[in-house]
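**Q** structure, please.
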Amino acid sequence: MRALITVLALTMSIVTASTAVARCRAYTNRLSYTGKLAIGEARLVTEWKSPCEGAINASAAKGRLTLLVFENGVWQKVKEGISTIVPVAPAGTYRLVVTNPYGIPSDYAVSVKYGRG
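**A** Below is the predicted model:
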């Protein structure tokens, strides 16, 4: 009986270790996006799938960013602001949206870097 419990415990630890998501070892170069937004307009900047757990670092000039993650069939807000820094983001599918909160049309510049493998 004791041997069976030991085998089950060992099997569970192997399964747990094999299903754990790896930390990102490679990151994108800093990616840059520019464009124009009308008053109150929001636009999808980029979307990506990260196969690993890692940092996401995004910033905007003349715009407000919203970082979203796709969970349970719905886009969930992760963070919002002029910059969105997430030190440890789980593997998943992400979107970065820029919004013009100003009372005039505006040019925007967005940069982002994230884990890719």
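**Q** every contact and neighbour count from this point should use C-alpha atoms.
**A** Noted.
**Q** so where's this structure uncertain?
**A** For the chain, the stretches with pLDDT under 70 are 1-20.
**Q** wait, what's in contact with the residue positioned nearest the centre of it?
**A** Among the residues of the chain, the one closest to the centroid is Tyr94, at 4.6 Å (C-alpha atoms, centre = their mean). Shown in contact with Tyr94 (C-alpha atoms under 8 Å, 6 or more residues apart in numbering): Glu47, Trp48, Lys49, Ser50, Leu67, Leu68, Val69, Phe70.
**Q** what about the last one, which SS state?
**A** Read it as Phe70. Local secondary structure at Phe70 is given as strand here, using DSSP: H, G, I helix; E, B strand; the rest coil.
**Q** how about the third one?
**A** Secondary structure of Lys49, reduced to three states by three-state DSSP: strand.
**Q** bridged to it, which residues?
**A** The bridge-partner assignment for Lys49, based on DSSP bridges, gives Thr93.
**Q** got a list of what it touches?
**A** Listed by C-alpha under 8 Å, 6+ apart, the contact set of Lys49 reads Ala91, Gly92, Thr93, Tyr94, Arg116.
**Q** over to the first one?
**A** If a contact means C-alpha under 8 Å, 6+ apart, then Glu47 has Thr93, Tyr94, Arg95, Leu96 as its contacts.
**Q** at 6 Å instead, please
**A** Tyr94, Arg95 (C-alpha atoms under 6 Å, 6 or more residues apart in numbering).
**Q** for Arg25, see how far away it is.
**A** Noted for Glu47: a distance of 20 Å to Arg25, by C-alpha to C-alpha, to the nearest Å.
**Q** before we move on, back to that, which residue, other than its chain neighbours, is closest to the residue nearest to the centre of the chain?
**A** Val69 (4.5 Å; C-alpha to C-alpha, 6 or more residues apart in numbering).
**Q** was I right to think the one you found contacts Ala89?
**A** No: Val69 is not in contact with Ala89 according to C-alpha atoms under 6 Å; the separation is 9.6 Å.
**Q** now Ile104. Its backbone dihedrals?
**A** phi -140, psi 160 (degrees, to the nearest 10).
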